[in-house]
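A.B. asks: coords below, sequence missing:
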């Protein structure tokens, strides 16, 4: 007999429909009971429940992005800030640090008395991209330097223009410029315009041949010039500052001065440098005839006199100033040296006829001629109480006493 499938299923599982209904009712009751339990628990512990809800909300909340300034706008703002505020702004973030580089490095001051000077110097040498931002550099602040020495060997760079624009030079008392430091007449004139200068020592190149304006302060009392070629503007210098200079050192170069040039120089010294107490005139060139034998008569105030090879003869000792205390002479084995006249001077010191207490001879050709006469001269100096020195001309590195 063929029965329907549903009828067969009911015959085999008579309780299936009823159990399924019970399961559905049970699940619904369990869901309702869970929701009720949560509501009751939240009602009983409402403050803690609220905090948990707010905490979850703060965690899942999306924070809006912070506004960022355009770099050009930021750069314009930072340029208006004072330096101290720029230091603080550079520490805010990387973008602000980049924006502060231009105003911070455009004008630098390197003060060697501060502890950060080595760091700034090292930064400038190791960071080429920062060097491009520098527009103004102050090596030293004003009123910090009393003596400035520079020796320039590279001819391509005009270092002098930059130096003379630096504030620290206004407090310099002693200025020494060697090598190719001076490039034009304006640089030479700037040396004499330093307000507190007392001592100027310069190498003057041959292409500087004119001086337009000299206005030296009254504090200038020493002038030392290395020319290496006769310098016609020396007459202009003497006319402007000679009356206040007490010490003059001239290295006249390797060209033999003409008779007219010699006469002009002697007349200028007599007219303008009448207060000189210390005079050095020497050169590499050996003149044919002595031309400074009359210097003692022209400048009677001299206490120190240094003359180069061939610039003097025997008549020099007839005109030496009465107040002369130091005499330095340069000799050469090829040129007659007035040993007899010098010995008479030393003997006069022993008799109290002269105040000279120091004599030095710088001689070329120690090993080419008989030096016994100079040895005898040293013994005479010792007996008369005169300090005597005999030195090799070729080994002398500094002709001027500091």
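C.D. replies: Looks like it arrived, so ask away. Since we're looking at a predicted model, the values are computed, not measured.

A.B. asks: May I ask you to confirm that residue 248 is in contact with residue 277?
C.D. replies: No. Checked against C-beta atoms under 8 Å, the pair residue 248 and residue 277 is beyond contact range at 9.6 Å. C-beta: built from backbone N, CA, C; applies to glycine.

A.B. asks: Neighbour count for these two, which is higher?
C.D. replies: Ranked by neighbour count (other C-beta atoms under 10 Å), residue 248 and residue 277 place residue 248 first, with 24 against 19.

A.B. asks: Tell me what that one is bridged to.
C.D. replies: For residue 248, the beta-bridge assignment (DSSP bridges) gives partners residue 223, residue 279.

A.B. asks: residues touching it, list them.
C.D. replies: The contact partners of residue 248, by C-beta atoms under 8 Å, 6 or more residues apart in numbering, come to 222-224, 242, 269, 273, 276, 278-280.

A.B. asks: ok, it to residue 143 distance?
C.D. replies: Distance check for residue 248 against residue 143: by C-beta to C-beta, to the nearest Å, it reads 29 Å.

A.B. asks: Same question for residue 173.
C.D. replies: From residue 173 to residue 143 the distance is 12 Å (C-beta to C-beta).

A.B. asks: Can you pull out the low-pLDDT segments for this protein?
C.D. replies: For the chain, applying pLDDT under 70 flags the ranges 1-72, 110-113, 136-142, 402.

A.B. asks: Dihedrals phi and psi, residue 306?
C.D. replies: phi -130, psi 120 (degrees, to the nearest 10).

A.B. asks: Report how many residues lie close to it.
C.D. replies: Neighbours around residue 306, by other C-beta under 10 Å: 22.

A.B. asks: Distance of it relative to residue 80?
C.D. replies: Distance from residue 306 to residue 80, by C-beta to C-beta: 61 Å.

A.B. asks: Could you do residue 364 as well?
C.D. replies: Counting by C-beta to C-beta, the separation of residue 364 from residue 80 is 68 Å.

A.B. asks: between those two, who's got more neighbours?
C.D. replies: It is residue 364, of residue 364 and residue 80, that has more neighbours when counted by other C-beta under 10 Å, with 17 against 8.

A.B. asks: measure the more buried one to residue 338 for me?
C.D. replies: From residue 364 to residue 338 the distance is 16 Å (C-beta to C-beta).

A.B. asks: Likewise for residue 163?
C.D. replies: 45 Å.

A.B. asks: Kindly report the same for residue 207.
C.D. replies: 38 Å.

A.B. asks: Looking at these two, which is more packed in?
C.D. replies: residue 338 (19 against 9).

A.B. asks: How much space separates the more buried one from residue 171?
C.D. replies: Going from residue 338 to residue 171 by C-beta to C-beta gives 46 Å.
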